[in-house]
Each structure stands twice: as structure tokens, then as C-alpha cells.
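K.L.:
below is the sequence, then the predicted model.
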Amino acid sequence: MTKLPKKFIDSISHIVSADSTIYDDDALEKYGCDETPELFALPDAVIIPENSAQVEKIVRLCYKYNISITPRGAGTGVAGGAVPVAGGIVLSLERLNQIIDIDRKNLIAVVQPGVITGNIQRAVAAENLYYPPDPASVDSCSIGGNIATCAGGMRAFKYGVTKKFVQGLEVIMPPGEKIKLGGKMIKDVSGYDLIGILTGSEGTLGIFTEIMLRLVPLPKYSVDLLAGFENVADCAKAALSIVSETGIQPAAMEFIEDEIVEIEEIFLERKMPLSGAKAQLIVSVDGFDEQTVENEYMRVGEHLFAKKATDVLVANNRSNSELLWEARRSIRDALRHRSPDIAAEDLAVPPTNTPDLLAGVKRIGELHNAKIVGFGHIGDGNLHIDLLRDDMSDEQWRLTKEKIVPELLKLAVKLDGTITGEHGIGYIKRKYLHLGRNNFIIDRMQAIKSSIDPMNLMNPQKIFP
Ligand SMILES: Cc1cc2nc3c(=O)[nH]c(=O)nc-3n(C[C@H](O)[C@H](O)[C@H](O)COP(=O)(O)OP(=O)(O)OC[C@H]3O[C@@H](n4cnc5c(N)ncnc54)[C@H](O)[C@@H]3O)c2cc1C
């Protein structure tokens, strides 16, 4: 039985059709979690609007009746941002899922927030255009969620993270006001950069209902290399040296350590290439001219051998490349298969400090006798460091997390980095926000939040402790 006021429910039924609301506990369950391990909270209702006018009316009504709103894209977040921890409604954007326009001359795609990001990539590729941000979840996450978390992914190394590609936003802001920011013009400095503030705001400042994405020309050729190393330090140093010593800018550079390769082999039920190596590095080179791409990948390969790679394999046809990336994209599922409970950290440091970060993480694991594994976007200095529960008792697991997680986060900060590079603070990291930001900065951020959302109804209990 829902706790929402009857008058609210009656008014909602005048805004959306009956099949756009969920009040039944069983059906609500799907919306009580995202991909964050060990986090669940049932909302009082789920509302699934079909257009931005409905979103505007729903937000207005929630402010009238003092009801919390948790915006939700595809629910692949790993910081608990879409989990309705404060109750109230989940406002799911899943039905705003149209690609409205691909403007080839202005290099812009206009999309609704619920479109799955991979579908945007494929649609613009058909027009010889490219939307580069490529989170490993690309075929399950939504573009609205990507903007709300400022998603990173594999190709950020060359092309940049999501915020670089947000050129315009339609947003429903508290208490139910539709605004439009940016546009097809490339330059715009009329006042504060509100798109910048909203990108990465994790649903705490407003709801995106339409998005203008910047596109670039589609690179025609791409080759992936897989290199194996005898130890993690050699792999990290080799990765770091590629751009500075060869002058070549790879599109992506991903690190995977041997324990993860073993876990993947069990999950995927197949042997992985270079399976005996202690550390693996995937390097992807792309461009517009076949000969240039070939020269570049050959030079990168030679460079990796010179930097102590024991093997370098070339995936120069589509099926080899797909196998490589499929394995990379399935790491998170493989880890959850091995240990459903995981503390998944998302540390980012200046790329020059990645060797120290990886060494420090191993030291922490050994000190506490805990299984910590690492993989991720080594080119960006952004590594996913996962502490696995395996067969620990509830109490052991609680104590281990309490001890180790802050040590990992402090290590990243000590190395001039940050406690989250791309997943966001969401719900689960908010108690650690002070490790990465001082009180003055947190206070200014909260001032922005309360000036936009004085009733604190837009995704409450997220970001701030
Ligand atoms: C297997 C796997 C791999 C992943 N790999 C990566 C990766 O490489 N890089 C990376 O950055 N992330 C990665 N992620 C995390 C996740 O996919 C991203 O955070 C993604 O951007 C979330 O999108 P979503 O649509 O699922 O958002 P949700 O999980 O639904 O929501 C995320 C946040 O955005 C807010 N939100 C959603 N839609 C809107 C909207 N329209 N308006 C306002 N706020 C909104 C929500 O309130 C919430 O705070 C991965 C996750 C998984 C499970």
C-alpha cells in the first residue's frame, strides 16, 4: 500500500496513463536497485512519462506535495545514484527514447535521455559520424545517465569524457521549470556555464529531457593490440611512455591484471589470449588513413616490446577485436559472478602516478590479507580497484570494507588524484566526499544545490553526507 497522498495519485493519473505508473511492491522492486552491490530501497511509486511536458507536470506536483524524486535512466550506475534511498517516486526516463535528429552539417545529434548510448553510436556511424564516449556499459546505459554521471569509458584517453560532448540541454529544474541551455553554436560564454554544472550532477539539480550532443567525423580504421607483461609495474610504465616517447595518441589504453583474466576465463568459459601474463594492456589506434594507422600500430607494438612486453598480439580484423573488447566489457559481470558483494572503487590519479597507485593498492591488499583486483582506463590514470568479499562472514566483510575502502581513497588523494574518476559519488561514496574535497568547497557545492532545489526533493541523500 503506497504512502503517497491520495490527491497526489489522483493528479498523477491526469498527467500520465495508467500503464505509466507502478504502485505494486513486486513491480516496484526492479526500480529499487541499480548495479551497485548491496544497495536496495523500494520507492513509493514509479512514474514513467512519455514526454517532457509530462516530466514538467510531475516535477511540479512533487514540489506541491513535498515528494522526493529519484531520476532514473537505465539503472547501470554503480554508485547508487538511481536508488530511491529517500523513498518518494522514481521518475524513469526509459520511454523518452527517441533519436530526434542527426544534423550532419552542424555535427550535432539531438536525442532524448532514455536512448541507449550504443544506439546513438550506431545511428551516427551510419552517417559517418562518431560519438566517442564509450563506457563499458555502452549497450545498457542511457545517454541521460551518462550526462548525469559525466561518464568516462575507454576512449576518453583520446577524445575526452562525456562533458566534452554536451552542447545543449533541455532540463526540468525545480520546482518544475523547463529551461534550454546551449545550442548548435560552438561558442557561448553568456554567463555561468550551467551545462558544466549540470553535467555530472547525478540527478540532484534537474532532469534532462532533451540533449544536444557534439559529434566528430568517424575514424575509418582502427587496430587493437594486446600486450602481455611479466609484472604490473612494467605494464604501467610502458603505458605511460607511449604518447611521450612515440608521439602517437592511442584512442584507448586499458589495463587488466592476471587475477581478473583468471576470473574472466571462468565466467566466459573460454581461454583468454596471453593468459599467463601478469598484466595485460590493450592499446587501440584509430585514424582516417589506412597506411598511417598501420604505421602507428606497428610503432606502438615495437615500443611495447622495447618496454619489456613479453608478447604483443595484433587484432586487425573485426572478430578478433570484438572478442577482445567483449572480454574487457564483461569484467564487471565476471567479478560479480565470482563475488556478488564487491566494494568497487574508481580511483583516478595523474597518469604519471599510476605505477605508484597500483603498487600502493597491492600493499594495502597484502597488509589486510584481502583480495583486491585492478583493471581499467590506465591511459587516463583511472583504475577500477575492486575489493572482493568472497566467503567472508557478514561481520568480517563490514569490518574489512570499513578499514580498506578509506585507505584506498586516501591513497588516490595522496597521489594528487580523486576518489572517483567517472562513477560519481552517488549514495555510497557520500560519506567519503570530505576526503576528496575540503569543507569550503563542499559548502559552496551545497549552496548551489540549495539555491536550485531549496526543498531538497531532487534525488536527496546523494552526493552530500
Ligand atoms: C558493466 C558496467 C560497466 C560500466 N562501465 C563504465 C565505464 O566504463 N565508464 C563509466 O563512466 N561508467 C561505467 N559504468 C557505470 C554506469 O554505466 C554509468 O554511470 C552510466 O552513465 C549510468 O547510466 P544509466 O542510464 O544507467 O544511469 P542510472 O544508473 O539510471 O542513473 C545514474 C545517475 O544519473 C541520474 N540520471 C539518470 N538519468 C537522468 C536524467 N535524464 N536526468 C537527470 N539525472 C539522470 C540518476 O538519478 C543517477 O544519479 C559501468 C556500469 C556497468 C554495470
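P.N.:
Received it, and whenever you're ready, just let me know what you need. Numbering: from 1, shown residues only.

K.L.:
drop to CA atoms for contacts and neighbour counts, all remaining ones
P.N.:
Fine.

K.L.:
residue 444 and the ligand, how far apart?
P.N.:
Residue 444 sits 20 Å away from the ligand when distances are taken as CA to the nearest ligand atom, to the nearest Å.

K.L.:
ok, residue 384 next?
P.N.:
With CA to the nearest ligand atom as the criterion, residue 384 and the ligand are 9 Å apart.

K.L.:
do the same with residue 299
P.N.:
Residue 299 sits at a distance of 27 Å from the ligand (criterion: CA to the nearest ligand atom).

K.L.:
per-residue confidence for the residue nearest to that residue when sequence neighbours are not counted?
P.N.:
What sits nearest to residue 299 in space, not counting adjacent residues and going by CA to CA, 6 or more residues apart in numbering, is residue 246, at 7.6 Å. Residue 246 is assigned 98 on the pLDDT scale.

K.L.:
contact partners for residue 246?
P.N.:
Contacts for residue 246 were tallied using CA atoms under 8 Å, 6 or more residues apart in numbering; they are 299, 300, 303.

K.L.:
neighbours around the first one, how many?
P.N.:
So the one you mean is residue 299. Residues lying near residue 299 (other CA atoms under 10 Å) number 15.

K.L.:
who in the stretch 1-150 of the chain is up against the ligand?
P.N.:
Neighbours of the ligand within the stretch 1-150 of the chain, by CA under 6 Å from any ligand atom: 34-35, 70-78, 81-82, 93, 113, 135-137, 141-142, 144-146, 148-149.

K.L.:
residue 271: helix or strand, and which one exactly?
P.N.:
Residue 271 belongs to no helix or strand when assigned by DSSP states H and E.

K.L.:
ok, it - contacts?
P.N.:
For residue 271, the residues meeting the contact criterion (CA under 8 Å, 6+ apart) are residue 265.

K.L.:
tell me the mean pLDDT for stretch 123-132?
P.N.:
Model confidence over stretch 123-132, given as mean pLDDT, is 98.

K.L.:
pull up the distance across that stretch, start to finish.
P.N.:
Stretch 123-132 stretches 13 Å from its first residue to its last (CA to CA, to the nearest Å).

K.L.:
and stretch 240-252, by the same measure?
P.N.:
Comparing the first residue of stretch 240-252 with its last one, the separation is 12 Å (CA to CA).

K.L.:
now stretch 184-191
P.N.:
Length of stretch 184-191, first residue to last, CA to CA: 17 Å.

K.L.:
how many other residues sit next to residue 435?
P.N.:
Other residues close to residue 435 by other CA under 10 Å number 17.

K.L.:
so who does whichever residue of the stretch 301-450 of the chain sits closest to the ligand touch?
P.N.:
When distances are taken as CA to the nearest ligand atom, the stretch 301-450 of the chain approaches the ligand most closely through residue 422, which lies 4.4 Å from it. With contacts taken as CA under 8 Å, 6+ apart, residue 422 has the following neighbours: 149, 150, 151, 152, 153, 346.

K.L.:
now do residue 231
P.N.:
Contacts of residue 231 were listed using CA under 8 Å, 6+ apart, and they are 277, 278, 279.

K.L.:
now, which of those sits nearest residue 242?
P.N.:
Distance to residue 242 across these (CA to CA) is lowest for residue 279, with 16.5 Å.

K.L.:
surely residue 47 and residue 21 touch.
P.N.:
Yes. In this structure residue 47 lies within contact range of residue 21 using CA atoms under 8 Å: 4.6 Å.

K.L.:
surely residue 15 touches residue 54?
P.N.:
Yes. Contact status for residue 15 versus residue 54: in contact at 6.2 Å, counting by CA under 8 Å.

K.L.:
follow-up on the earlier one: now do the SS call for the residue of the stretch 301-450 of the chain closest to the ligand.
P.N.:
Here residue 422 is recorded as coil under DSSP: H, G, I helix; E, B strand; the rest coil.

K.L.:
find me the pLDDT at it, would you?
P.N.:
Looking at residue 422, its pLDDT is 97.

K.L.:
spell out which parts of the stretch 351-465 of the chain neighbour the ligand.
P.N.:
Taking CA under 6 Å from any ligand atom as the criterion, the contact residues of the stretch 351-465 of the chain with the ligand come out as 422, 423.

K.L.:
show me how the record splits this protein into domains.
P.N.:
Per the record, the chain has its domains at 6-92, 99-217, 221-319, 339-431, by automatic domain parsing.

K.L.:
I'd like those laid out as TSV, including distance to residue 461.
P.N.:
Putting the domains of the chain into TSV (distance: least, CA to CA, whole Å) gives the following:
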stretch	distance to residue 461
domain 6-92	7
domain 99-217	9
domain 221-319	33
domain 339-431	7
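
K.L.:
pull out the buried positions in stretch 310-321.
P.N.:
311, 312, 314, 315, 321 (16 or more other CA atoms under 10 Å).

K.L.:
any idea how far that stretch is from the chain center?
P.N.:
A distance of 26 Å separates the C-alpha centroid of stretch 310-321 from that of its chain, computed with CA atoms, centre = their mean, to the nearest Å.

K.L.:
which residues are in contact with the host helix or strand of residue 253?
P.N.:
Here residue 253 is covered by strand 252-257, with elements defined by DSSP H and E. When contacts are defined by CA under 8 Å, 6+ apart, strand 252-257 is touched by residues 154-158, 232, 239, 278-285, 373-379.

K.L.:
so which of these sit within strands?
P.N.:
Assignment to strands by DSSP state E places the following of the contacts of strand 252-257 there: 279, 280, 281, 282, 283, 284, 285, 373, 374, 375, 376, 377.
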